Structures are given as C-alpha cells and as structure tokens.
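K.L.:
here is the input, now give the coordinates:
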Amino acid sequence: MDAAAQDFDTSKLTPDEALAELYRRLTARGAPAPGSFTSLSVDERREYMRVAQRRSRARARAAAAGGAIEANSGNVRDALADAALMILATGAPGAELVREILAKVFRERPGVPMLVEQRAKVGKMRPKLMVLS
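P.N.:
Numbers count the residues shown, from 1 in each chain. Here you go, the predicted model:
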C-alpha cells in the first residue's frame, strides 16, 4: 500500500465524501501525463495515428524483406486461409469441416464450397503466404 492510501482517513468523511475522495485519488493516480495520447487534439491524434501506421508498415516491410512475416491478425488470417485451401486441395482430414464452414458462411450461394474446392485442386486459388516448393 502506498503512502497516499495510508493517510486516507475515511472516519471524518461521510460515505459519499469518502467515495468522491477515493475516486479523485484514483483518477489522479491513473491520469495520463500531459502530452500523452489521450490529451491530444483531434488533429494531433490523427497525425499520431498516421505516423504509427507508417512505422507499422515499415516494420512489416522490413520483416518481409528479412524473410520473416510479422505476426499480426491479417497475416494470421491469411495463414489460416492458406491452411484451409491446402486441406481442401488435398482432401486431407478436416476438408469436410472446411466445406461445412464455407457452406454456412455462403449459405445464400450453395455452389461456393464446391467452386472453392475445385479452384484449390486445380491451382486457381493458391496460398497467399505459404510458398510451395
């Protein structure tokens, strides 16, 4: 327990005052420092996000150039899609589950699972990240 919490005597305060004081202290303790992201104006936040996105893309390019792929949600989704395509193309265990999921996702278009499987088998739909040698 820190010193500020130890000198917090609630016996002299009403319950409402004690709660308000506790809230004030917790807010002050967790308040962002001046100049932090939460205190930026709309234009400053937009600029911050633009620079952050530029850095993120530069990191991804550097990782790709070095032969490593950054483990972000987009790349993970692409890798899972590659796995599903390869399962469909080879008829490996799990192919039926992939077909069922495709059928549920595209329930308004019943031919999609067969079309995807056919394209995967003939090589028209290729894995995006996985390089087959």
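K.L.:
how is this protein carved up into domains?
P.N.:
Listed domain ranges for the chain are 14-70, 73-122 (source: automatic domain parsing).
K.L.:
could those be laid out in a markdown table, adding mean neighbour count?
P.N.:
C-beta: built from backbone N, CA, C; applies to glycine. Shown next, in a markdown table, are those (neighbours: other Cβ atoms under 10 Å):
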| stretch | mean neighbour count |
| --- | --- |
| domain 14-70 | 11 |
| domain 73-122 | 14 |
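K.L.:
any idea which of the ones you listed scores lowest on pLDDT?
P.N.:
Lowest mean pLDDT within those: domain 14-70, a mean of 84.
K.L.:
and the closest residue to Asn75 other than its chain neighbours, what does it touch?
P.N.:
Closest residue in space to Asn75, ignoring its immediate chain neighbours: Ile69 at 5.3 Å, by Cβ to Cβ, 6 or more residues apart in numbering. Ile69 makes contacts with Ala63, Asn75, Leu129, as judged by Cβ atoms under 8 Å, 6 or more residues apart in numbering.
K.L.:
no more questions from me, cheers.
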